[in-house]
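Undergrad: Give me coordinates for this.
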Amino acid sequence: MLTDCFLTVDAVLLLAANIAQGLRVNRGGVAARVRRELPFMATETVLMEASLRGGDRQELHESIRQHSLNAYARVAAGEENPLLDLIDRDPAFPLNRRELDDLIDADSFTGRSAQQVDDFLAEAVEPALAKHRAAAIEAPRV
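TA: Got it, this is the predicted structure:
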């Protein structure tokens, strides 16, 4: 049974490797998706900034909820996301379009992910690769 387990793991890893080798990132598609979804993800940020500038949080929350539902319906119908335009035109929000655009910079929504990836590569992946490189160098050629 133990042998079958190793064969199963080997098959799963081969399948994963085949999938990963054929993986292609469509940067344009990713960028379009981010443009479409990021305004929805940034509503809390927009709400907090508008509240800090004197807006009534409860009123702003209801407005942004209504604008989000309206925008989602239009996105679902295949249109561009109008959420930021709807907020920009709403007098309850003391923010102009440039300020809204600044608030939803995609890089500000990634948190520590870049540092975590760098740490993982340095602390886990690189030592494992180095160990295997050393073993490959020492292994006798048959």
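Undergrad: CA atoms for contacts and neighbours, from now on please.
TA: Will do.
Undergrad: wait, what's in contact with residue 118?
TA: Contact analysis of residue 118 by C-alpha atoms under 8 Å, 6 or more residues apart in numbering lists nothing.
Undergrad: Let me fix that, I meant to ask about residue 94.
TA: Contact partners of residue 94, counting by C-alpha under 8 Å, 6+ apart, are 50, 53-55.
Undergrad: Which of the residues you listed ranks first by neighbour count?
TA: residue 50 (19 neighbours; other C-alpha atoms under 10 Å).
Undergrad: tell me the pLDDT at the residue most central in space within the chain?
TA: Central residue of the chain (C-alpha atoms, centre = their mean): residue 110, 6.6 Å from the mean position. At residue 110, the model reports a pLDDT of 87.
Undergrad: Name the spans of this protein whose pLDDT lies under the cut-off.
TA: In the predicted model of the chain, residues 136, 138-142 satisfy pLDDT under 70.
Undergrad: any idea how it splits into domains?
TA: When the chain is parsed with automatic domain parsing, its domains come out as 27-109, 111-142.
Undergrad: Of all these, which one is nearest residue 21?
TA: domain 27-109 (17.2 Å; C-alpha to C-alpha).
Undergrad: Just the terminal-to-terminal distance for the closest one.
TA: Terminal residues of domain 27-109 are spaced 18 Å apart (C-alpha to C-alpha, to the nearest Å).
Undergrad: Repeat that for stretch 48-59.
TA: 12 Å.
Undergrad: what's the answer for stretch 104-119, then?
TA: First-to-last residue span, stretch 104-119, C-alpha to C-alpha: 26 Å.
Undergrad: buried sites along it?
TA: residue 104 (16 or more other C-alpha atoms under 10 Å).
Undergrad: if we can go back for a sec, tell me which of the domains of the chain is the most buried.
TA: With neighbours defined as mean count of other C-alpha atoms under 10 Å, the domains of the chain peak in mean count at domain 27-109, which reaches a mean of 15.
Undergrad: before we move on, the earlier item: got the domains of the chain as a markdown table, with distance to residue 13 columns?
TA: A markdown table is the format used below for the domains of the chain (distance: least, C-alpha to C-alpha, whole Å):
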| stretch | distance to residue 13 |
| --- | --- |
| domain 27-109 | 27 |
| domain 111-142 | 17 |
